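Asker: need a 3D model of the sequence below.
(one chain, ligands or ions: 1)
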Amino acid sequence: MLTPIQTEILDDLRAIWKPTPQQSVTDWREQNLLLTSRQTEHPGPYSTANRPYVREPLECWHDPSVTDVVLCWGSQTSKTTTLMAGLCWVIDNEPSPVLWLMPTELLARSFSRTRWMPFLEESDVMRRHFPDDRKKITLLEQHFDRCTLTFVGSNSPANLASRPIRILVADEVDKFAAATSREAAALELALQRTKSYSSSKHFLTSTPTTLEGEIWQHFLQGDQRRFFIPCPHCDRPIKLLWPQVKWDPQAKDESGAWHLGRVRASAHYQCQECAGHISDAQKVVAVRKGLWRPENANAIPGVRSYHLSREEIREAQLAHGVTDNHVGIDSGHAAADVYAHCLRWGRIVPSRQPGLLPMHVGWTPMKGRERDASWKDPKTKQPRPYCLGSAALPHRKFRLPLLEFNGDFLLDILAKLRKGPERAGGFRWELTGQADDLYFRHLDAKVKKPEVIGRSGKVQVIWRLRSGRWPDHLLDCELEQLAMAMIHRRLPWATIAQPEKEEVP
Ligand SMILES: [Zn+2]
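Answerer: From the prediction side, this is the model:
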């Protein structure tokens, strides 16, 4: 009977002497792994045809020059399936001790039972590696014929301080338990355990959460690969960027709301190199020919980092280094969905005042109010054009702030800012170089018109849409930026709101 250490040494020797497979990891995967109805709507052999971006990260399992793979990918992008497939390849081709670290032990158990084990059992090749004694395969500790896989939750770091491992898989690292003063963070402990192997490999994945989060920091250390597709018109490699998705600015109904059918019918991608229109069908073909390209020449050697996002706002936020509490989302439509989305990015902090609910600090829903809306500054008791209220959540566990603002008042402020610093208390209003004619068309969507108010016969000058067919949602975005700047005390509105002398009759 061999001791565990002897078994491991034997496993390593076998792994070293096993002939190196010539087949690519992608081909191995497509031949040997199946997706079940638990994993996909289209069960059957796994094909990467519709997910060409997983191929290169998969080959990293086999590439001796790669030590670290960082997948900074949005949700629903096959991160975990890519890890599972790579790990199956290891068990079949390069058996060596593996640790799979997840945010919690509870999550690890559930994942092992509902996703990992069914994935193995569907595959003839993987079933061959099961030991005769099935008791050696538990949810958290799995002794295959030639290697051992252990699942650990980042909240139980005591389980990390034991045997050495060659391969570390750390899934959803941004949700790992933070270190206490007495112990290093789970990820750090797990990385330590791979030190005794010269051929160790680390696979880190997560949906990015904060700029300081593990996944974004590891992404920055790597070679920062992004997925490029060849433009069908100019053949130049382009990154897919959300601002390049265009649609007919007139695709609105009588009330001025977007007509989704017409928006969809007219939507297309405009190549940022040649301005050619790329249809959805052309995009699908181009994506299949897509390639990852590194953008960081100063990467730590061997560290491949891949960024893939389905979440364009988050992507823009991270690219510009904007902190979570400076991101505002319009909640005028589908408020409940907006609230749920905002709660994904930020944290819950205890209230400074006793008896009040804890508060979410992060992405903030925003809502424009009627022209008479006014609130009081809690300190000075002076009226002000915005207020941090509370979003209506279905529970009372914590509070989600809702930034409300007086839209008409902010239109006045914006009008002054556009006239230049002399008319706006010295504040300069600027736009990025991307603002085009369409942008200014949106900004000019409203004009001030005199109107008789009610039966009193009083005349007021009121901001009104020029016409129901004039696009204005980028104007709303400008106003929301002003409200956000005011709540962060970057824009002293009272200075700008001073009446101009020449306007006094
Ligand atoms: Zn082009």
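Asker: give the bridge partners for G328, please.
Answerer: Per DSSP bridges, the residues bridged to G328 are T364.
Asker: please apply the same query to V447.
Answerer: R464.
Asker: now do the contacts for it.
Answerer: W463, R464, R466 (CB atoms under 8 Å, 6 or more residues apart in numbering). No exception for glycine: its C-beta is placed from N, CA and C like everyone else's.
Asker: and stretch 53-63, end to end?
Answerer: 17 Å (CA to CA, to the nearest Å).
Asker: what residues of that stretch count as buried?
Answerer: By neighbour count with 16 or more other CB atoms under 10 Å, stretch 53-63 contains the buried residues Y53, V54, R55, E56, P57, L58, C60, W61, H62.
Asker: not counting sequence-adjacent ones, nearest residue to the last one?
Answerer: The one in question is H62. Once flanking residues are discounted, H62 sits nearest to V25: 5.1 Å by CB to CB, 6 or more residues apart in numbering.
Asker: how many residues are close by the one you found?
Answerer: By the criterion of other CB atoms under 10 Å, V25 has 22 neighbours.
Asker: is it true that it touches L58?
Answerer: Yes - between V25 and L58 a contact is recorded at 4.5 Å, counting by CB atoms under 8 Å.
Asker: what do those two both touch?
Answerer: By CB under 8 Å, 6+ apart, the residues touching both V25 and L58 are A85, G86, W89.
Asker: give me every residue that touches the second one.
Answerer: When the contact criterion is CB under 8 Å, 6+ apart, the partners of G86 are V25, P57, L58, C60, W61, F203.
Asker: closest one of the residues you listed to the ion?
Answerer: Closest approach between the contacts of G86 and the ion, by CB to the ion: P57, at 26.5 Å.
Asker: show me what the host helix or strand of that closest one is packed against.
Answerer: Under the criterion of DSSP states H and E, P57 resides in helix 55-59. Here helix 55-59 touches helix 25-32, helix 79-93, strand 303-308, going by 3 or more CB pairs under 8 Å, 6 or more residues apart in numbering; DSSP states H and E.
Asker: run through who's touching that helix.
Answerer: Residues outside helix 55-59 that contact it (CB under 8 Å, 6+ apart): 24-26, 29, 48, 69, 71, 82, 85-86, 89, 225, 291-292, 304, 306.
Asker: can I get the helix or strand following it in PDB, CA atoms only?
Answerer: Going down the chain from helix 55-59, the next helix or strand is strand 68-73, by DSSP H and E. Taking C-alpha atoms only, strand 68-73 is exported to PDB below (Å, rounded to 0.1, in the frame of the first residue of the first chain):
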ATOM      1  CA  ASP A  68      -1.000  31.900 -15.700                       C
ATOM      2  CA  VAL A  69      -4.300  32.400 -17.500                       C
ATOM      3  CA  VAL A  70      -6.600  35.200 -16.400                       C
ATOM      4  CA  LEU A  71     -10.100  35.200 -17.800                       C
ATOM      5  CA  CYS A  72     -11.700  38.600 -17.000                       C
ATOM      6  CA  TRP A  73     -15.000  37.800 -18.700                       C
END
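Asker: about what we covered before: what about the residue nearest to H62, distance to P230?
Answerer: 24 Å (CB to CB, to the nearest Å).
Asker: now do the buried residues in stretch 205-223.
Answerer: 205-210, 213-216, 218-219, 222-223.
Asker: which of those residues sits closest to the ion?
Answerer: Lowest distance from the ion to these (CB to the ion) belongs to D223, with 25.2 Å.
Asker: for my notes, confirm W216 occurs in a strand.
Answerer: No - going by DSSP: H, G, I helix; E, B strand; the rest coil, the assignment for W216 is helix, not a strand.
Asker: name all residues that make contact with it.
Answerer: Contacts of W216 (CB under 8 Å, 6+ apart): C72, P208, T210, L318.
Asker: and stretch 227-247, is it in reach of the ion?
Answerer: Yes - counting by CB under 5 Å from the ion, the ion is contacted by stretch 227-247 at C231, H233, C234.
Asker: tally of neighbours for the closest residue to the first one other than its chain neighbours?
Answerer: Setting aside the residues directly before and after it, C231 is nearest to C271 in space (CB to CB, 6+ apart), at 4.5 Å. Using other CB under 10 Å as the criterion, C271 is surrounded by 17 other residues.
Asker: quick one, strands of the stretch 301-450 of the chain?
Answerer: Using DSSP state E, counting those that start in this stretch, the strands of the stretch 301-450 of the chain run over 303-308, 328-330, 346-349, 359-362, 364-369, 375-376, 383-384, 386-390, 401-406, 446-453.
Asker: among the ones you listed, which comes closest to the ion?
Answerer: Of all those, strand 303-308 comes closest under CB to the ion, at 21.2 Å.
Asker: tell me the angle the closest one makes with strand 68-73.
Answerer: Inter-element angle recorded for strand 303-308 and strand 68-73: 10 degrees (by axes from the mean of the first three to the mean of the last three CA atoms, to 10 degrees).
Asker: so what touches strand 303-308?
Answerer: By CB under 8 Å, 6+ apart, strand 303-308 touches 53, 56-57, 60, 66-74, 77, 218-227, 292, 296, 299.
Asker: after the helix or strand where R262 lies, next one along is what?
Answerer: Using DSSP H and E, R262 sits within helix 260-266. Next along the chain after helix 260-266, taking DSSP H and E as the criterion, comes strand 268-270.
Asker: about what we covered before: from the chain's centroid, how far away is the helix holding R262?
Answerer: Centre-to-centre, helix 260-266 and its host chain are 26 Å apart (CA atoms, centre = their mean, to the nearest Å).
Asker: repeat for stretch 277-290
Answerer: When distances are taken as CA atoms, centre = their mean, stretch 277-290 is centred 23 Å away from the chain's centroid.
Asker: list the buried residues in that stretch.
Answerer: Buried residues in stretch 277-290, counting neighbours by 16+ other CB under 10 Å, are found at I278, Q282, A286, V287, G290.
Asker: among those residues, which are located in helices?
Answerer: The members of those that map onto helices under DSSP state H are Q282, A286, V287.
Asker: who's in contact with C60?
Answerer: Contact analysis of C60 by CB under 8 Å, 6+ apart lists V66, V69, G86, K201, R304.
Asker: now that we have those residues, which one has the most neighbours?
Answerer: V69 (27 neighbours).
Asker: who's in contact with it?
Answerer: Listed by CB under 8 Å, 6+ apart, the contact set of V69 reads P57, C60, K201, H202, F203, L204, R304, S305, Y306.
Asker: quick check on the residue nearest in space to the middle of the chain: phi, psi?
Answerer: Central residue of the chain (CA atoms, centre = their mean): G74, 4.6 Å from the mean position. Phi and psi for G74, reported as degrees, to the nearest 10, are phi -70, psi 170.
Asker: so it touches R314, yeah?
Answerer: Yes - counting by CB under 8 Å, G74 touches R314, with 7.3 Å between them.
Asker: got the contacts of C60 as TSV, with pLDDT and distance to L241 columns?
Answerer: Formatted as TSV, the contacts of C60 follow (pLDDT from 0 to 100; distance: CB to CB, whole Å):
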residue	pLDDT	distance to L241
V66	96	27
V69	98	24
G86	94	29
K201	96	32
R304	97	22
